[in-house]
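# My questions are about this predicted structure, shown below with the sequence.
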Amino acid sequence: MRKTQALVRVAVALMNDPYGKHWGYDLMRESGVRSGVLYPILRRLLAENWVTDGWEDPAVISGRPPRRYYEMTELGQRDLGALLAAVRHEARFRHILPGPAR
Amino acid sequence: MNELLLGGSAWWIVPTSLLVFGATFGLLPGLMLRLLVQLYPKDDPRRRELFAELYGPRMSRLGRFEWVFQQLETAIRDGLAARRELRRRLVKLAATREDLVAYIRREFAEFARSGVTVTCERDDNVRHIFGPDDLTTDDMAGGTRIIITGWGIRQRPLLESSGGMVVDGSPASTDTHETWPMADSYPERDDHHHRSPR
């Protein structure tokens, strides 16, 4: 998959909580990637088996339709982690990636 | 253009357009989004997903306005791409199906001529691909009816061991027609008309 700023931003947002559920709208806000770019990326991540998807349980929500969520697979955690490690030293991605812990 | 915008007779165009734009995206977001997601293929889960996000717990009123407006781009980029991908897959599926039908006709012509009914029990996937009338009396030599509803037909030894009557020897696969492994499994044709399903 081609390394783009948008992909790296989405990867950072996903890796912030690698075991959690991620919602499309929240991912959009966290990553700062607009939805017209985010959703094609999510489609590719699904195709690569880096994330899986599911739907909220209708029994635990009320008054609104169930939302779709995304969870990282082990493969996704490994490959997206490797991607972030690989781009860490590239100048064009430096401003996206979180700095070293202090 | 300047004349149109600044001319005395057209002063109402800009505010009216803004009003219509605001009403459409701001007051009728659900309706607008329903229209936009029509760009996605019929069964694409993203239709539901985008709609559900609109009414998600963290979406503010102003956020809805922005969300619906953004989905214009999403539907065009993602939805139309999904449609293109679906069309490509259907073309590939049709080509594979054509190959399989030809293979079945070639392989089982002898059974057909000897009056054997071959029935392969399987799920609805193949029935969906072939349709109910694909391989019937008119299709086969000798007026024999062959019902194809499963993958077992490519497993000739099983067909023979069962006396050519009923075969349920398909591999334990519940793949949908989108990912079915059949193309890799059935034998290569030896004629020059063979078209690779890939």
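Good, I have the coordinates. These figures come from a predicted structure and were not determined experimentally.

# Below-threshold pLDDT in chain A: ranges please.
Applying pLDDT under 70 to chain A flags residues A:99-102.

# give me every residue that touches whatever residue of it ends up closest to chain B.
Chain B sits closest to A:Gly36 of chain A, with a gap of 3.3 Å, by Cβ to the nearest Cβ. C-beta coordinates here come from the backbone N, C-alpha and C atoms, glycine included. Contact analysis of A:Gly36 by Cβ atoms under 8 Å, 6 or more residues apart in numbering or on different chains lists B:Gln70, B:Glu73, B:Thr74, B:Ile76, B:Arg77, B:Asp78.

# Nearest residue to it in space, please, no chain neighbours.
In space, A:Gly36 comes closest to B:Glu73 once its chain neighbours are excluded; the distance is 3.3 Å by Cβ to Cβ, 6 or more residues apart in numbering or on different chains.

# Okay, domains of chain B per the record?
B:2-85, B:108-185 (automatic domain parsing).

# A:Ala13 touches A:Gly24, doesn't it?
No. A:Ala13 lies out of contact with A:Gly24 (Cβ atoms under 8 Å); the separation is 11.2 Å.

# So which of those two has more stuff around it?
Per other Cβ atoms under 10 Å in any protein chain shown, whichever of A:Ala13 and A:Gly24 has more neighbours is A:Gly24, with 23 against 19.

# Skipping adjacent residues, who's closest to the more buried one in space?
That would be B:Glu53: by Cβ to Cβ, 6+ apart, it lies 5.5 Å from A:Gly24.

# In the helix or strand encompassing A:Asp79, which residues are buried?
Element membership for A:Asp79 (DSSP states H and E) is helix A:74-87. Using 16 or more other Cβ atoms under 10 Å in any protein chain shown as the test for burial, helix A:74-87 gives A:Gly76, A:Gln77, A:Asp79, A:Leu80, A:Leu83, A:Leu84, A:Val87.
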